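Asks: Sequence and predicted structure are below.
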Amino acid sequence: MAALESEKLSFEAAALGCNERNAPTHSVQDDHAQDNMPTVACILMQKDERFLLKPWIAYYSYLFGIRNIYIIDNGSQLPEVNQLLDIFEAQGGNVNRNHMSRADYEAKGDIVGEQIRTLDAQDYYDFIIPLDCDEFIVMRDDATFSWSRENILSYLETLRGESRALRFPYHLANHPVYPDLYHYFSFFKSFFSEHTFKCMDHGYHLGQSTKAEGFRNTQLVQLHFHYKPHSLLLEQARRSWVGTVDVDDHKQLMGYSGPSVHLASLFLKTRHEFYHGFLKIPHFYLPDFRRFLVLLGAPLDLPTEYVEEGLQITVSGAEPSMTLGRAGTKVLIPRTSLSGVEFLLSSFNERDYLDANPDLTEARVDPTEHFSRHGFREQRPLRTQDTSQLPSANAFGRTNLAAAVARRVVEAYVARQGSVQPGADGLRCLELGAGTANRPGWLETDLAPPAPHVLELDVRRRFPAADKSFDFIYSEHMIEHVSFEEGRIMLRECFRVAKPGGIIRIVTPSIGFLLRLFSTGRSNLEDRYIEWATSTFLPNAPTPQASFVFKPRQKNLWATSGSGSLPSA
């Protein structure tokens, strides 16, 4: 440790990409040109990011050079943040203080887009990357994730000349109280090679190129410090709330759709529900990233809070075969035991996972995504040397114990919604196949939950809910992924758990719309749907095709032709 301490960098030195004993006499911006490595600009809009701004500046100064970082300050009020911006600017960083209002924040995509065009016009940068302050770029390979400047720049060199928009295909999001644990997070973000930027949305997800349609997934992903302790999330949400209803009036919040609607679910979710969601997913263990930030002189000092014993990440042991096969990233895999949810330590290597599951190679799926969303639940082996399958995850509907856990979650939701106001029932709303939806006041479920707030539920089996529990049941574009008989089971269960007079709404694809995708006179909406379906489900396809809309995993085409009736229960 003494050797590491001797190399520790001050913030100013780290920001210049050097150590204190060897300060450069010219800028890091010039270094890139001299060593023929790509020149990269990073753009950030932020306001009062007191926990993350210093590590963010230090990290990207190390990667790309402080003079290549552009920060648009959206009206920071905290003295420590403004002082940090002053230091950053004095060291050669770029700060724009011309966009300080809430309206400017809402126009973030357009304002950052104009900054990209301005930089592009200089004919200097090979790549321009818009980022948020909680996003840290790393490079993945078969075995692990790397934050080496040399590795990242060398990989970017292979992307020079790409005419399509570039994409970070997913994030690894942090656990709110265990700072070295990260889970797969199905966010993708865009960045651009020189002279290709056309436009992008507020969150930088759907970037478009002037030179070619579509996008290219890269080997770059982001460590995303999205989650904060529940108490801090509520505190920040209350400060940020600009809605028109009282956040303590849960009945009004459930149907609210005005300003700050994205915060409403935080006030409707209990602390237990928030933390319990992290017990249902695997977590990658990456302690060296925080250690690296310490060496840069910018420790990641995130706030934390105590979590009750039943909500803690508890490791019960190691998988016997984890030392076999190739080196990999340590991963914690959830399993249900008599004492609750425990985690088993193992090792994940993408090549090993594909070798052990050859059907995935044929399907050309992303191995990390598949393992994180499906493989651990399907108990797939992590390597060919495995003599046994993965431990059973807490897959609701597959074991009596897990089903009991799911039933308790549903019962708690139903009871809470029934006590929204004294003497008045709150609406009890169930969504099946919710995906990444986040509807305030709803019990959202999915076979493969992509987020901690979503309960795992298999519609092909009996729902873990009592008869006549829900006022409203909703499912959108999910029933076509099960067989006809499985769909009948799902509908029978919907009728069973719906209250008398309740509403069941099942949305399915339109046959007419799908058939028009094969016509020569498609509308712009139909063309965009084909592009979305291809990029979402077949990201490695060379070009978008109408035939890709009909994915192999669709077992049955439950669809509407404009009229018709549901099968009888």
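Replies: Looks like it arrived, so ask away.
Asks: In this structure Asp458 contacts Leu447, no?
Replies: Yes - using CB atoms under 8 Å, Asp458 is in contact with Leu447, at 5.6 Å. Quick note: C-beta positions are derived from backbone N, CA and C, even for glycine.
Asks: what's the first-to-last distance across stretch 185-199?
Replies: 24 Å (CA to CA, to the nearest Å).
Asks: Distance from that stretch to the middle of the chain?
Replies: 16 Å (CA atoms, centre = their mean, to the nearest Å).
Asks: Can you spell out which helices and strands pack onto the stretch of helix or strand Arg290 belongs to?
Replies: For Arg290, the host element (DSSP states H and E) is helix 287-295. The contact analysis (3 or more CB pairs under 8 Å, 6 or more residues apart in numbering; DSSP states H and E) places helix 287-295 against helix 53-64.
Asks: does the residue most central in space within the chain have beta-bridge partners, and which?
Replies: Residue closest to the average C-alpha location in the chain (CA atoms, centre = their mean): Phe185, at 2.8 Å. With DSSP bridges as the criterion, Phe185 is bridged to His171.
Asks: That one contacts Phe225, correct?
Replies: No - using CB under 8 Å, Phe185 is not in contact with Phe225; the gap is 10.9 Å.
Asks: what do the two both touch?
Replies: Ala173 (CB atoms under 8 Å, 6 or more residues apart in numbering).
Asks: Distance from the chain centre to the helix or strand where Cys494 lies, please.
Replies: Secondary structure from DSSP H and E places Cys494 in helix 484-497. Taking CA atoms, centre = their mean, one finds the center of helix 484-497 at 31 Å from the center of the full chain.
Asks: helices or strands next to it in the packing?
Replies: Judged by 3+ CB pairs under 8 Å, 6+ apart, the packing partners of helix 484-497 are strand 429-432, strand 470-476, strand 498-507.
Asks: Point out the most buried one among these.
Replies: Most buried of those by mean neighbour count (mean count of other CB atoms under 10 Å) is strand 429-432; its value is a mean of 24.
Asks: Show me what it is in contact with.
Replies: Residues contacting strand 429-432 (CB under 8 Å, 6+ apart): 254, 437, 439, 441-446, 457, 459, 465, 469-475, 478, 490, 494, 497.
Asks: Mark which of these are buried, thanks.
Replies: Listed as buried from those are 254, 437, 439, 441-446, 457, 459, 465, 469-475, 478, 490, 494, 497; burial here means 16 or more other CB atoms under 10 Å.
Asks: So what does Phe188 have for phi and psi?
Replies: phi -120, psi 150 (degrees, to the nearest 10).
Asks: Please apply the same query to the one 4 residues further on.
Replies: Note on Phe192: backbone dihedrals following degrees, to the nearest 10 are phi -140, psi 140.
Asks: pretty sure Pro287 contacts Asp180?
Replies: Yes - the pair Pro287 / Asp180 is scored as a contact, 4.2 Å apart, by CB under 8 Å.
Asks: These two: who's more crowded?
Replies: Neighbour count, other CB atoms under 10 Å: between Pro287 and Asp180, Asp180 has more, with 17 against 11.
Asks: pLDDT score for the more buried one?
Replies: The model reports Asp180 with a pLDDT of 94.
Asks: same question, the one 5 residues further on
Replies: On pLDDT, Phe185 comes in at 90.
Asks: now Phe145
Replies: Reported pLDDT for Phe145: 94.
Asks: Tell me which residues touch it, please.
Replies: 138-139, 172, 221, 223, 284, 286, 289, 329.
Asks: Among these, which one lies nearest to Glu157?
Replies: Closest approach to Glu157 among the contacts of Phe145 (CB to CB): Met139, at 12.2 Å.
Asks: Was I right to think the closest one contacts Glu150?
Replies: No - with contact defined as CB under 8 Å, Met139 does not reach Glu150; the gap is 10.3 Å.
Asks: Look at the two and report which has more neighbours.
Replies: More neighbours surround Met139 than the other of Met139 and Glu150, with 19 against 10 (other CB under 10 Å).
Asks: doesn't the more buried one fall inside a helix?
Replies: No - under DSSP: H, G, I helix; E, B strand; the rest coil, Met139 sits outside any helix and is assigned strand.
Asks: From Phe188, how far out is it?
Replies: Taking CB to CB, to the nearest Å as the measure, Met139 falls 16 Å from Phe188.
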